[in-house]
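Participant: Starting from these lines, generate the structure:
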Amino acid sequence: MATTTPHRHSAAAEATAGGLTVFAAVLLFIAGVLDFFRGIMAIANDNVFVNTPNYVFKFDLTSWGWIQLILGVIAMGVSAGLVARATWARVLGVAIAGLAIIANFLSMPYYPVWSLILVAMYGFIIWGLCVVRKDT
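Facilitator: Numbering: from 1, shown residues only. Below is the predicted model:
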């Protein structure tokens, strides 16, 4: 009769878990840099963005710029915690990615292609952080 320990994982499972966390960390850093630059663009020069006159969620572009800039800085900071495999960083990474998806969705009429790309990137980040169990 063979006995197995419930919390013993293979080296392949641990490598996969570490790889997905690093994937999410790198993607979170890149998406944070893109949000950071998008925020700077909106703060410095509003003429870069499309003007949508009848948009329901219309906000001042400078305000959106500060929101994107702050989310980008936080995302870059959390990615450093993910590289260190901190549990708080995984939780905060999912939260920041979720907030960034909402922010990019709401700002879609101003810069549609960039918003869609960032929504997809943040979706992959959430997937990468949630698919790996904590004990691996």
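Participant: residue ranges of the helices in this protein, please?
Facilitator: For the chain, the helices defined by DSSP state H cover 11-44, 61-83, 87-106, 112-130.
Participant: Give me the mean pLDDT for stretch 75-95.
Facilitator: Averaged across stretch 75-95, pLDDT comes to 92.
Participant: circling back to that earlier point, please render the helices of the chain as a markdown table that adds mean neighbour count to the earlier fields.
Facilitator: (C-beta placed from N, C-alpha, C; glycine too.) Shown next, in a markdown table, are those (neighbours: other C-beta atoms under 10 Å):
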| stretch | mean neighbour count |
| --- | --- |
| helix 11-44 | 18 |
| helix 61-83 | 19 |
| helix 87-106 | 19 |
| helix 112-130 | 18 |
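Participant: C-alpha coordinates for stretch 72-89, PDB please?
Facilitator: What follows is stretch 72-89, C-alpha atoms only, in PDB (Å, rounded to 0.1, in the frame of the first residue of the first chain):
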ATOM      1  CA  GLY A  72       0.200  52.400 -12.900                       C
ATOM      2  CA  VAL A  73       2.600  53.300 -10.100                       C
ATOM      3  CA  ILE A  74       0.800  50.900  -7.700                       C
ATOM      4  CA  ALA A  75       0.800  48.200 -10.300                       C
ATOM      5  CA  MET A  76       4.600  48.500 -10.800                       C
ATOM      6  CA  GLY A  77       5.100  48.400  -7.000                       C
ATOM      7  CA  VAL A  78       3.000  45.300  -6.600                       C
ATOM      8  CA  SER A  79       4.900  43.600  -9.300                       C
ATOM      9  CA  ALA A  80       8.000  43.800  -7.200                       C
ATOM     10  CA  GLY A  81       6.200  42.100  -4.400                       C
ATOM     11  CA  LEU A  82       5.100  39.400  -6.800                       C
ATOM     12  CA  VAL A  83       8.700  38.700  -7.800                       C
ATOM     13  CA  ALA A  84       9.400  38.200  -4.100                       C
ATOM     14  CA  ARG A  85       6.300  35.800  -4.000                       C
ATOM     15  CA  ALA A  86       4.600  37.700  -1.200                       C
ATOM     16  CA  THR A  87       1.000  36.700  -0.500                       C
ATOM     17  CA  TRP A  88      -0.100  40.300   0.000                       C
ATOM     18  CA  ALA A  89       1.200  41.100  -3.500                       C
END
